[in-house]
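Engineer: compute the structure for the input listed below.
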Amino acid sequence: MRKLLLVICLTLPLSSYAQERKIDSVAVFILDHMSAVIGDMKSCSYNLSTSNDIPAAEISYSKEYTENEVFMQGPDKMLVHQKGQHGHRGFFYNGEFFTHYSYSENNYTTVHAPDDIVSMIDSINHQFGVEFPAADFFYPTFTDDLLTHFDTLLYLGTKYVNGKDCFHIAASNENQDVQIWIANDAMNLPVKFVIVNKQKSQAPQYEASFSSWKVNPDLPPTIFEFVPPPGARLIAILPKPH
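Structural biologist: Residues are numbered from 1 along each chain as shown. Below you'll find the predicted structure:
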């Protein structure tokens, strides 16, 4: 499944397992409704705070934190400002070009990109390994992807998370446990998700929280256009090995 920008997403396994399936129709209903609301948006913005377990020399894993400010306008505009372990970065997409800019180093790279957000995310991640945090939530096949790759999908009731009443949904398979909290309000937008890896070869946990959602804001087209600042260096981007 696609790795996430906005920028890491659910890293789902590529195969399913012949185990007894437990699929809760309430969980499917809530996820489908969330996806329908997101699919009807013309534009949106939100903040995404993430934490990731990174192998460390002194201890097994160290927590790394990243803050993302995300703006999207369908079908072909996206901007992400990201601050974290890789410094301050910007991801600009205007429907024709994708640009990665390092504010910390004042350099950038630009490549041609497909003409819609979902295809752009797939293409840039596949070619260059760029991760778009939590982008999976914006795929129209989100629920179907969970059903394909997870043997268990359950509704665990309502929980209070990040200051909101939320629907709590859990998915599980041989390799991962995923928990998702979706706001129990009129919009039913995602609030938080956690991925726990069961394989020792993978980092134990990835966590992300959404905040400051704005639905259908009026976003100036200019923000999606990258203009190199004075002295910025154009650098090459290498395809990731396959």
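Engineer: for this protein, which residues score under the pLDDT cut-off?
Structural biologist: The model of the chain has pLDDT under 70 over residues 1-19, 201-203, 241-242.
Engineer: how about the strands of the protein, start to end?
Structural biologist: Applying DSSP state E to the chain gives strands spanning 22-23, 43-55, 61-73, 77-84, 87-93, 97-102, 107-112, 152-161, 164-172, 176-183, 190-197, 205-215, 233-234.
Engineer: which helix runs longest in the protein?
Structural biologist: helix 25-40 (DSSP state H).
Engineer: and the angle for that one with strand 190-197?
Structural biologist: 120 degrees (axes from the mean of the first three to the mean of the last three CA atoms, to 10 degrees).
Engineer: grab the most central residue of the protein for me.
Structural biologist: residue 134 (1.3 Å; CA atoms, centre = their mean).
Engineer: settle this for me: it is touching residue 209, isn't it.
Structural biologist: No - Residue 134 is beyond contact range of residue 209, at 9.7 Å (criterion: CB atoms under 8 Å). Any C-beta I mention is one placed from the backbone N, CA and C, and that applies to glycine too.
Engineer: overlap in contacts of these two?
Structural biologist: 48, 50 (CB atoms under 8 Å, 6 or more residues apart in numbering).
Engineer: in stretch 123-133, what counts as buried?
Structural biologist: 123-125, 127, 130-133 (16 or more other CB atoms under 10 Å).
Engineer: please name the bridge partners of residue 78.
Structural biologist: residue 72, residue 93 (DSSP bridges).
Engineer: so it is in contact with residue 71, correct?
Structural biologist: Yes - Residue 78 is within contact range of residue 71, at 7.0 Å (criterion: CB under 8 Å).
Engineer: looking at these two, which has the bigger crowd around it?
Structural biologist: The residue with more neighbours, out of residue 78 and residue 71, is residue 78; 25 against 20, by other CB atoms under 10 Å.
Engineer: which residues touch the more buried one?
Structural biologist: Counted by CB under 8 Å, 6+ apart, residue 78 has contacts 5, 70-72, 91-93, 117, 120, 224.
Engineer: could you dump the residues you listed to JSON lines with distance to residue 157?
Structural biologist: Formatted as JSON lines, these follow (distance: CB to CB, whole Å):
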{"residue": "5", "distance to residue 157": "31"}
{"residue": "70", "distance to residue 157": "29"}
{"residue": "71", "distance to residue 157": "33"}
{"residue": "72", "distance to residue 157": "31"}
{"residue": "91", "distance to residue 157": "36"}
{"residue": "92", "distance to residue 157": "41"}
{"residue": "93", "distance to residue 157": "38"}
{"residue": "117", "distance to residue 157": "33"}
{"residue": "120", "distance to residue 157": "37"}
{"residue": "224", "distance to residue 157": "40"}
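Engineer: from the residues you listed, pick the one nearest residue 178.
Structural biologist: Using CB to CB, residue 5 is the member of these that lies nearest residue 178, at 18.6 Å.
Engineer: for the longest helix of the chain, packing partners?
Structural biologist: helix 142-149, strand 152-161, strand 164-172, strand 176-183 (3 or more CB pairs under 8 Å, 6 or more residues apart in numbering; DSSP states H and E).
Engineer: and the ones you listed, which is most packed in?
Structural biologist: strand 176-183 (a mean of 22; mean count of other CB atoms under 10 Å).
Engineer: ok, residue 42 touching residue 77?
Structural biologist: No - taking CB under 8 Å as the definition, residue 42 is not a contact partner of residue 77, at 10.7 Å.
Engineer: so between those two, which is more surrounded?
Structural biologist: Using other CB under 10 Å as the criterion, residue 42 and residue 77 rank with residue 77 on top: 20 against 13.
Engineer: since that was my last question, I'll sign off now.
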